[in-house]
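K.L.:
fold the following and give me the result.
(one chain, ligands or ions: 1)
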Amino acid sequence: MIGIRAATPGDCDAVVAVWEACGLTRPWNDPVADFRRALGHDAATVIVAEEDRRIVGTAMTGFDGHRGWIYYLGVAPDRQGCGMARQLLDAACDWLRQRGCPKVELMLREGNPAAGLYEHLGWERQQVHVFARWLA
Ligand SMILES: CC(C)(COP(=O)(O)OP(=O)(O)OC[C@H]1O[C@@H](n2cnc3c(N)ncnc32)[C@H](O)[C@@H]1OP(=O)(O)O)[C@@H](O)C(=O)NCCC(=O)NCCS
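P.N.:
You can find the predicted model right below:
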């Protein structure tokens, strides 16, 4: 039985373990800090898929007033292919809709095969470049 719910602070280790198992962490990002920041205010959340009391999938989402964003979509390697990403994306979109968010976007690293998932689910490739800078 799969349950989809918002993460609570006590889920941190299990959520980060999924991110690491899925190859979603990067040396320049602190995943524990990312998790705590997302749960630290009302404009963001981490949604988890739980199966037999084990967290097997995650999606971080947040609304900045213009767009909703999704980060850290990941499903444990031994549970992929069961429709969990679809459910997590649906739940993230519902969370955003409930806050009046009109459009959702996400960033995908070049070469990530998950592009096929988004295209399959009807997401449209955008003609934009992403620029970033550190604020610390
Ligand atoms: C990408 C990922 C989240 C997909 O999770 P998943 O639970 O296996 O996906 P689902 O089973 O929910 O797939 C939903 C649908 O998309 C399809 N799909 C999944 N991955 C796909 C891919 N790479 N290419 C094309 N279609 C794909 C499935 O066949 C399924 O189709 P159906 O419902 O019509 O049968 C998972 O492979 C993962 O964790 N990858 C590593 C982390 C990652 O790269 N995340 C994305 C970062 S933005």
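K.L.:
how about the residues of this structure by the ligand?
P.N.:
Contact residues (Cβ under 6 Å from any ligand atom) of the chain with the ligand: 22-24, 73-75, 80-86, 106, 108, 112-114, 116-117, 120-121. Every residue, glycine included, has its C-beta placed from N, CA and C.
K.L.:
now those residues: which count as buried?
P.N.:
Among the residues of the chain next to the ligand, the ones that count as buried by 16 or more other Cβ atoms under 10 Å are 22, 24, 73, 74, 75, 84, 85, 106.
K.L.:
which element follows the helix or strand hosting the third one toward the C-terminus?
P.N.:
Using DSSP states H and E, residue 73 sits within strand 68-75. In the C-terminal direction, the helix or strand that comes right after strand 68-75 (DSSP H and E) is helix 84-97.
K.L.:
which secondary structure elements does the very next helix or strand once past that next one contact?
P.N.:
Going down the chain from helix 84-97, the next helix or strand is strand 104-106, by DSSP H and E. Here strand 104-106 touches strand 68-75, helix 84-97, going by 3 or more Cβ pairs under 8 Å, 6 or more residues apart in numbering; DSSP states H and E.
K.L.:
winner for burial among these?
P.N.:
The highest average neighbour count among the helices and strands packed on strand 104-106, using mean count of other Cβ atoms under 10 Å, belongs to strand 68-75 at a mean of 22.
K.L.:
got the angle for it vs helix 84-97?
P.N.:
For strand 68-75 against helix 84-97, the angle by axes from the mean of the first three to the mean of the last three Cα atoms, to 10 degrees is 160 degrees.
K.L.:
which residue does this protein bring closest to the ligand?
P.N.:
The ligand sits closest to residue 116 of the chain, with a gap of 2.2 Å, by Cβ to the nearest ligand atom.
K.L.:
in which helix or strand does residue 35 reside?
P.N.:
If you go by DSSP H and E, residue 35 is part of helix 31-39.
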